[in-house]
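**Q** here is my input; please provide its structure:
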Amino acid sequence: MHSRTSHVHAFTNISLDASSVIEIGDSENIEAVSHILAVQRDKAIFYENEFQFRDYAAFSEPLPLPVDQEPLKIIAFHETPAIRVDKVNVSFAAAASVIHIGSSEHVELETRVKNIRHLVRDKR
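**A** Next up is the predicted model:
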C-alpha cells in the first residue's frame, strides 16, 4: 500500500451511527461490525432478557462472501504523495459504515438488523 498524506480543509458531520468510522489518513485495517435488534411496540412495555441476539438466526448465520469472477490487476500512479480535499459534508453515516479519505489495505464491514413490530390492529 502506498502511503500518502491526506489534507482536509473542512469536514462537517451531523451524525454517526454505531460502529461507523471517520478515517482521515491511511489505514492498514478497518473492521466495523454492528448488530441491531430494533423493537417497535404500541405500548412501550419490555421485559428483562426478552430479546436476545442468540434467539434470531439473522445474527448467527454465516454471511456469504463475494466470489471473485476474474483476476483483478490494478496499476496506480500517484503523481503527488498527497490527497487534498477542500470540503466534506456528510449528514449521516449508517451502522458499520466508513467515511475514508486515504488508502486502506483491508476493509471488512458487517451490519445485521432484525426489525420486530408488535402493533395492535383494529378489530373492526
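
**Q** so which residues of the protein form helices?
**A** With helices called from DSSP state H, the chain shows none.

**Q** poorly predicted segments of it, please.
**A** 1-2, 123-124 (pLDDT under 70).

**Q** change it to 90
**A** 1-5, 13-23, 25-27, 30-34, 41-50, 63-83, 93-98, 102-110, 118-124 (pLDDT under 90).

**Q** and the strands in it?
**A** For the chain, the strands defined by DSSP state E cover 5-16, 21-24, 27-41, 82-93, 98-101, 104-118.

**Q** ok, residue 34 to residue 55 distance?
**A** Distance, residue 34 to residue 55, by Cβ to Cβ, to the nearest Å: 18 Å. Every C-beta, even on glycine, is put in place using the N, C-alpha and C of the backbone.

**Q** indicate which one of the strands of the chain is closest to residue 66.
**A** Proximity to residue 66, assessed across those by Cβ to Cβ, is greatest for strand 104-118 (12.1 Å).

**Q** out of residue 34 and residue 55, which sits in the busier spot?
**A** residue 34 (17 against 12; other Cβ atoms under 10 Å).

**Q** what residues are up against that one?
**A** 17-19, 95-96, 110-112 (Cβ atoms under 8 Å, 6 or more residues apart in numbering).

**Q** now the buried members of the residues you listed.
**A** For these, a burial check counting by 16 or more other Cβ atoms under 10 Å picks out 19, 95-96, 111-112.

**Q** quick one: the residue nearest to residue 82 when sequence neighbours are not counted and residue 25, what's the gap?
**A** Nearest residue to residue 82, sequence neighbours excluded (Cβ to Cβ, 6 or more residues apart in numbering): residue 5, at 4.7 Å. Residue 5 is 8 Å from residue 25, where distance means Cβ to Cβ.

**Q** neighbour count: those two, which is higher?
**A** Per other Cβ under 10 Å, whichever of residue 5 and residue 25 has more neighbours is residue 25, with 15 against 12.

**Q** how about residue 59, nearest residue that isn't a chain neighbour?
**A** In space, residue 59 is closest to residue 53, 4.5 Å off (Cβ to Cβ, 6+ apart).
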